[in-house]
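K.L.:
the following comprises the amino acid sequence and a computationally predicted model.
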2 protein chains.
Amino acid sequence: MGKKRITIAEVASAAGVSMMTVSRAINQRYGVNEETRQRILKIADELGYRPSQLARGLVTHQSATLGLVMPDVSNPFFSQIARGAEEIAYQNNYNLFLINTCEDVKREKDALDSLLEKEIDGAVWCSSRLSQDEIIPYLDLLPAAVLVNRELEVDHQHVSTVNVDDSQGTRISLDYLIGHHRTKIALLAGPTLSVSGKRRLDGFKAGLKEHHLPLEEVRIEPCAPTTLGGKEAALKLFDRCPDVDAVIAFNDLVAVGVLHACIQIGKSVPEDVAVIGADDIPLAALTSPSLTTLHVDLAALGENAMSALLRLIDLPDEPAQKIMMAPQLLIRQSA
Amino acid sequence: MGKKRITIAEVASAAGVSMMTVSRAINQRYGVNEETRQRILKIADELGYRPSQLARGLVTHQSATLGLVMPDVSNPFFSQIARGAEEIAYQNNYNLFLINTCEDVKREKDALDSLLEKEIDGAVWCSSRLSQDEIIPYLDLLPAAVLVNRELEVDHQHVSTVNVDDSQGTRISLDYLIGHHRTKIALLAGPTLSVSGKRRLDGFKAGLKEHHLPLEEVRIEPCAPTTLGGKEAALKLFDRCPDVDAVIAFNDLVAVGVLHACIQIGKSVPEDVAVIGADDIPLAALTSPSLTTLHVDLAALGENAMSALLRLIDLPDEPAQKIMMAPQLLIRQSA
DNA sequence: TTGTACGCGTTATCAT
DNA sequence: ATGATAACGCGTACAA
């Protein structure tokens, strides 16, 4: 049962010095005789002394504690981010509060409230569902924050952002396809209102323009972000434009739907139609043909986010960062 | 930038009452006029007052904070447990420190040390690599703890355990196979030293005995817990016992290896050989034939672990629990 | 019902 | 190099 806590006072009296000297010895501060320090550390260790971060935090206003807020850790997308973020936090002697919001606005607010009460030193905040107006008050209260998967219209001195560069990802896919002599390239653009869908569309248009290829609106088709959505959209697309020789899909599930559609109408992949997905979900390696797709190093994303947060904390006068993670094209069989 | 903190004293003076009255109002205690309470709460809200859990914890010795220690959140096995555990913690107004140990003993000790310094109220500790002798001192220091995937030889008043009942899982697989008229059942038992391997072997032997079937040692083969390990072991097994009509595999990867072996030597699954895996990894649904396997509700496991921890905290006089999670047979095509 | 004094374990400040 | 004392923000015990 949680034994009685040894306090700095007990170490001090055991060592025959003042509390202040013990404190200095423990915290590796200057101004204490090396010999005394060793003696104190030895005694502290023997007594099983552990400094109370609560008491320390109360006076320093730093808890050596950070928050990690995300919709759902059991989603592989976020669990990898969590892994990377926690790694960096650990290396820098911070502990991490993990909170799942379950896509629920109330829970998200609860999360931030509880973190604020815990006096965290900062937070990595993923895929917030809150409106800009709801986010900002929390941002103001936080010593530092990094928003992941979310852009901020207004700049804050102590708020950085980390996003996946969907636009560039689409550019990369497009460049690859054009480089492999595909000319009639279609885009399954995802949900009409999706932000990342918009960014992909931007990249698509910009890429075509730069390659001096015409923008054929008929080759752009919105779709639900699912296998079924991809299949239906692909069937509609191929019916309208039978000459399409490549498809850039909103994500891997959509790409799998395209594969199904191709089987159904007798097109072979990649011979007749090249298909590129996005996200590199585990399934992507297991389809046949396996999916060429955009891979994002999510652990690295988490590491970057946490590093950015620590930078904000350690160098409060440096400007905030806006980090874009570029996806990499993982070439398998489908393109 | 993290604005200046409003303290209970400021709320008190703004409301024209003493700090104590504010404290009572905030903590929903009796002994404060309802009218006064409402007025205080209103003022506290307007001022943006947030109680400091640090200061509160310092005096109450309760931090409303728990620890969750696991090898790796990005492993789906653990991320689901984390999800379930965090859910229960949230419902009970606790925050959760997440720590990855990366299978590293030093990191695991670091983790516990830092949690102890944070004065957590308890911890869910998964798959510890520490020896019994190393674990116990930490357990003694923790107010409460739940060990997941780990048994404890000695009972502790404030330590419960949650494990997957591998023995019963094997029994369930065995019963199913026997019920479907398989009689020459083999076991790919996993690594020789594996604890869960031993439990599976126990269940296997007990099950055969109960069904009055002979225990043929030649049908038991150890194996590495991988696809390759499963394939090699299966080839060796079929070579030795060509009449085997069913295989219980150590886990799904091993089962996939068995599938590969069957293809190689021309046995069809499930006609010639039934195959049952364990763990229900995502891949299990995607093989052909898809894998019949033992499924464990890991989110529920996490919930149970966290509930057990809260029980230990809330009801310190109740005895500790030893929870076994029974796997369920998920019948697909391979058996 | 409300208020006062004190202590929780630590660090900061100012002294010695 | 070391020590005494005052905070940090809150809850508890006891008094009013």
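P.N.:
That came through fine.
K.L.:
do you know how far A:M20 is from A:R29?
P.N.:
10 Å (C-beta to C-beta, to the nearest Å). Bear in mind the C-beta positions are built from the backbone N, C-alpha and C, glycine included.
K.L.:
and for A:S288?
P.N.:
A:S288 is 63 Å from A:R29, by C-beta to C-beta.
K.L.:
so which strand or helix has the closest residue to chain B within the stretch 101-250 of chain A?
P.N.:
As assessed by C-beta to the nearest C-beta, chain B sits closest to A:P143 within the stretch 101-250 of chain A, at 3.7 Å. Per DSSP states H and E: A:P143 is located in neither a helix nor a strand.
K.L.:
what's the pLDDT at it?
P.N.:
Listed pLDDT for A:P143 reads 96.
K.L.:
that one: how many residues sit nearby?
P.N.:
For A:P143, the count of nearby residues is 21 (other C-beta atoms under 10 Å in any protein chain shown).
K.L.:
give the contact list for the closest residue to A:I26 other than its chain neighbours.
P.N.:
Closest residue in space to A:I26, ignoring its immediate chain neighbours: A:P51 at 6.1 Å, by C-beta to C-beta, 6 or more residues apart in numbering or on different chains. Shown in contact with A:P51 (C-beta atoms under 8 Å, 6 or more residues apart in numbering or on different chains): A:8, A:26, B:117.
K.L.:
give me every residue that touches A:V22.
P.N.:
A:8, A:11-12, A:15, A:40, A:44.
K.L.:
try 6 Å this time
P.N.:
If a contact means C-beta atoms under 6 Å, 6 or more residues apart in numbering or on different chains, then A:V22 has A:8, A:11-12, A:40 as its contacts.
K.L.:
ok, the closest residue to A:S290 other than its chain neighbours to A:V164 distance?
P.N.:
Spatial nearest neighbour of A:S290, chain neighbours left out: A:R332 (4.0 Å); criterion: C-beta to C-beta, 6+ apart. Taking C-beta to C-beta as the measure, A:R332 falls 20 Å from A:V164.
K.L.:
which residue sits closest to A:H156 in space, ignoring its chain neighbours?
P.N.:
The shortest distance from A:H156 to any non-neighbouring residue, by C-beta to C-beta, 6+ apart, is to A:L139 (5.8 Å).
K.L.:
what comes up buried for the helix or strand hosting the one you found?
P.N.:
Taking DSSP H and E as the definition, A:L139 sits inside helix A:132-141. Using 16 or more other C-beta atoms under 10 Å in any protein chain shown as the test for burial, helix A:132-141 gives A:135-136, A:138-139, A:141.
K.L.:
now stretch A:264-274
P.N.:
By 16+ other C-beta under 10 Å, the buried positions in stretch A:264-274 come out as A:267, A:269-270, A:273-274.
K.L.:
which residues of the stretch 51-200 of chain A lie near DNA strand D?
P.N.:
With C-beta under 7 Å from any atom of the strand as the criterion, the stretch 51-200 of chain A comes near DNA strand D at residues A:55, A:58-59.
K.L.:
phi, psi of the residue nearest to A:A285 when sequence neighbours are not counted?
P.N.:
Take A:A285 and drop its neighbours on the chain: the residue closest to it by C-beta to C-beta, 6+ apart is A:R332, 6.9 Å away. In this entry, A:R332 is assigned phi and psi values of phi -120, psi -130 (degrees, to the nearest 10).
K.L.:
closest to B:L68 out of the contacts of A:V22?
P.N.:
Closest approach to B:L68 among those (C-beta to C-beta): A:I8, at 28.7 Å.
K.L.:
now whichever residue of the stretch 101-250 of chain A sits closest to DNA strand C: how far from A:R311?
P.N.:
As assessed by C-beta to the nearest atom of the strand, DNA strand C sits closest to A:E119 within the stretch 101-250 of chain A, at 12.9 Å. The gap separating A:E119 from A:R311 is 20 Å, by C-beta to C-beta.
K.L.:
more neighbours: the two, which one.
P.N.:
Taking other C-beta under 10 Å, A:E119 and A:R311 do not tie; A:E119 has more neighbours (21 against 16).
K.L.:
for the more buried one, give me the backbone phi and psi.
P.N.:
phi 50, psi 50.
K.L.:
repeat that for A:L294.
P.N.:
Dihedral pair for A:L294: phi -90, psi 120, per degrees, to the nearest 10.
K.L.:
bridge partners for it, pull those for me.
P.N.:
A:A278, A:L329 (DSSP bridges).
K.L.:
where in the stretch 101-250 of chain A is pLDDT low?
P.N.:
By pLDDT under 70, the stretch 101-250 of chain A has no low-scoring segment.
K.L.:
so which residues on chain A come close to DNA strand C?
P.N.:
Residues of chain A found near DNA strand C (C-beta under 7 Å from any atom of the strand) are A:5, A:7-9, A:19-20, A:23, A:26-27, A:49-52, A:55-56, A:58-60.
K.L.:
just the buried ones from these, in ChimeraX syntax?
P.N.:
A single ChimeraX command selects the buried members of the residues of chain A next to DNA strand C (16+ other C-beta under 10 Å):
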select /A:7,8,23,26,49,50,51,52,55,56,58
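K.L.:
out of the residues of chain A next to DNA strand C, which sit inside helices?
P.N.:
The helices, defined by DSSP state H, take in A:8-9, A:19-20, A:23, A:26, A:55-56, A:58-60 from the residues of chain A next to DNA strand C.
K.L.:
tell me which two in the residues you listed are the farthest apart.
P.N.:
A:A9 and A:T60 (18.6 Å).
K.L.:
residues from chain A in reach of chain B?
P.N.:
Residues of chain A found near chain B (C-beta under 6 Å from any C-beta of the partner chain) are A:1-2, A:50-51, A:53-55, A:57-58, A:73-74, A:79-80, A:82-83, A:86, A:95-98, A:100, A:114, A:116-119, A:143, A:158, A:286.
K.L.:
buried ones only from these, please, as a PyMOL command.
P.N.:
To isolate in PyMOL the members of the residues of chain A next to chain B that are buried, counting by 16+ other C-beta under 10 Å, one can use:
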select buried, chain A and resi 2+50+51+53+54+55+57+58+73+74+79+80+82+83+86+95+96+97+98+100+114+116+117+118+119+143+158
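K.L.:
okay, and which of the residues of chain A next to chain B map to strands?
P.N.:
A:95-98, A:100 (DSSP state E).
K.L.:
show me where the stretch 101-250 of chain A has strands.
P.N.:
Remark: strands assigned in the stretch 101-250 of chain A by DSSP state E, counting those that start in this stretch are A:122-126, A:145-148, A:159-164, A:185-190, A:220-222, A:246-248.
K.L.:
now render these as TSV, adding distance to A:A64 and mean neighbour count.
P.N.:
Shown next, in TSV, are those (distance: least, C-beta to C-beta, whole Å; neighbours: other C-beta atoms under 10 Å in any protein chain shown):
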stretch	distance to A:A64	mean neighbour count
strand A:122-126	11	27
strand A:145-148	17	28
strand A:159-164	20	23
strand A:185-190	41	26
strand A:220-222	47	18
strand A:246-248	45	30
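K.L.:
could I get the ones you listed as CSV with distance to A:R199?
P.N.:
Formatted as CSV, the strands of the stretch 101-250 of chain A follow (distance: least, C-beta to C-beta, whole Å):
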stretch, distance to A:R199
strand A:122-126, 17
strand A:145-148, 15
strand A:159-164, 9
strand A:185-190, 10
strand A:220-222, 14
strand A:246-248, 13
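K.L.:
hang on, isn't A:V164 packed against A:M324?
P.N.:
No: counting by C-beta atoms under 6 Å, A:V164 does not reach A:M324; the two are 7.5 Å apart.
K.L.:
about what we covered before: quick one: which of the buried residues of stretch A:264-274 is nearest to B:P225?
P.N.:
B:P225 lies nearest to A:V269 out of the buried residues of stretch A:264-274, by C-beta to C-beta, at 34.6 Å.
K.L.:
residues in contact with the closest one?
P.N.:
Taking C-beta under 6 Å, 6+ apart, we find A:V269 in contact with A:262, A:275, A:289, A:334.
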